[in-house]
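**Q** Sequence plus the predicted model coming up.
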Amino acid sequence: MEIRLLKYVTTLSQTGSFTKAATILRIAQPSLSQQVAKLERDLDTQLFVRGRGQVTPTPDGARFIERAERLIQLHDDLEREMRERTEGMGRELTIGTTAITGGHVLPPLLRAFHKQFPNVHVQLVEDSTDGLEDLTERGTVDLSILSLPLRNPHLNYAPMLTEPLLLALPQTQEPWMSDRLRRVVSQATDAKEPRLHLAELAEMPFVLLKEGYGFRSTVLQICAESGFVPNIAYETSSIETAKSLVAFGLGVTFVPEMVAHRGGLHAPTYVSVTSSLTRTLVFAYPPNRYVSLAAQKFLEVYRSTHGGGPTSRFPYGS
C-alpha cells in the first residue's frame, strides 16, 4: 500500500470534503474519488460515508486513519533523518509559541541562532497553549515553548527557564478592595512593602486569560491550592489586555515577571505574595518522532547563551 494513498485518506478525513482534499493534495477531484474508491474495494471495507457536501469516516475508516497517520509519520521521519544524514541539517525550523511569551524570549534567541545558522529559515506559529500542544503532538511544529504542567502527557520536553510570578494590582484604591488590599496598594512603593496571603484575594475580581491558555490553568491552580475559586470579572486572550484592565481598576491578576513592566501612568502595581510563586517554561517536542538537527541546534544555542549544561540526548535525534 503506497504512502500516497494513505495521505489521500488522511487528508480527506481532515477536510471532510473531496473538493478541499483534492485542492490540498493538488490532484483532480475525480481522480481522488476514484483512488479512494479503489482502495476501499481492495480492502473490501468502506472507509467513508459520502453525504451531501460532507464525507465522514466509518468506524473501520477511523481505525484505518489512525494507523495510517502513524505510518505517514514514520515515513516522513525516516525520510527526513536519512536526508539529514547524507545532506546535513535541513533549512527549515518551525517553532510554536504563545504571542506574549514568544515576544519576550524569542528575539534574542533567534538572533543568536541566526548568527550561527544563517541558512535556516525559522517559521513562527502563534497559537493558544491547547492549540500548540496539539500541533506539537502532530509534528506540525518542531518545537513549542510551553509552560508546565503540560495537559498532553505524551509530549516530551526539555527545561527552559523558571521565573517568578507577581500579583498585579491597580495603582489606586478601588471600592471593591478590602481594607487590607487598600493598605497594600498605598504602601506598594515602600521598600518594606507588605506581602499578601493568597487567601486574602478570595473575594477580589480577577482578570484571567481565556480557556485554552496555559497561564490561565496556572492561576487557577494557584488559587485552588489556597482554598478558593477566583471570582472572574473579565477574560481575555492577551495578557497585555489583562494588565490594562487591572491598571484601570477592574480587578487583579497574576503575571510572569518577564512581562511585568513597572512604571507608567497606565501600568499595574506589582507586589509579591507570601508564597513563592513561579512558572516553568519548557521546549516541548513531539513524542516518538525524529527531532530535526535544526531543532537540536536551536536548543544548543539556547543553552550556550543562557549558561545551561550539555544538551540532552533526544530519543529520536541523530
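**A** Yep, that arrived.
**Q** could you pull out the strands for the chain?
**A** Using DSSP state E, the strands of the chain run over residues 48-51, 54-57, 92-97, 121-126, 143-147, 156-169, 205-209, 231-236, 253-256, 269-271, 278-285.
**Q** And the worst-scoring helix or strand of the chain on mean pLDDT, what's buried?
**A** Using mean pLDDT, DSSP states H and E, helix 59-87 stands out as the lowest-scoring helix or strand of the chain, at a mean of 83. Using 16 or more other Cβ atoms under 10 Å as the test for burial, helix 59-87 gives 61, 64-65, 68-69, 72-73, 77, 80-81, 84. All C-beta spots, glycine's among them, are computed from the backbone N, C-alpha and C.
**Q** ditto for stretch 236-251
**A** Quick answer for stretch 236-251 (16+ other Cβ under 10 Å): 236, 239, 242-247, 249-251.
**Q** Likewise for stretch 249-264?
**A** For stretch 249-264, by 16+ other Cβ under 10 Å, it's 249-256, 258-260.
**Q** repeat for stretch 109-119
**A** 109-110, 112-113, 117.
**Q** which residues touch that stretch?
**A** Here stretch 109-119 makes contact (Cβ atoms under 8 Å, 6 or more residues apart in numbering) with 89, 91, 120, 122, 294, 297-298, 301-302, 305.
**Q** Looking at those residues, which is nearest P205?
**A** P205 has its nearest neighbour among the contacts of stretch 109-119 in Y302, at 37.9 Å by Cβ to Cβ.
**Q** Farthest pair within the buried residues of stretch 249-264?
**A** G249 and M258 (24.2 Å).
**Q** quick one on the thing from earlier: now, the most widely separated pair of the buried residues of helix 59-87?
**A** G61 and E84 (34.0 Å).
**Q** follow-up on the earlier one: distance to L196 for the buried residues of helix 59-87 - can I get that in CSV?
**A** What follows is these, written out as CSV (distance: Cβ to Cβ, whole Å):
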residue, distance to L196
G61, 56
F64, 56
I65, 52
A68, 54
E69, 49
I72, 52
Q73, 48
D77, 50
R80, 51
E81, 52
E84, 52
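**Q** what does the domain assignment say about the protein?
**A** 3-85, 89-160+282-305, 162-279 (automatic domain parsing).
**Q** I'm done for today, thanks for sticking with me.
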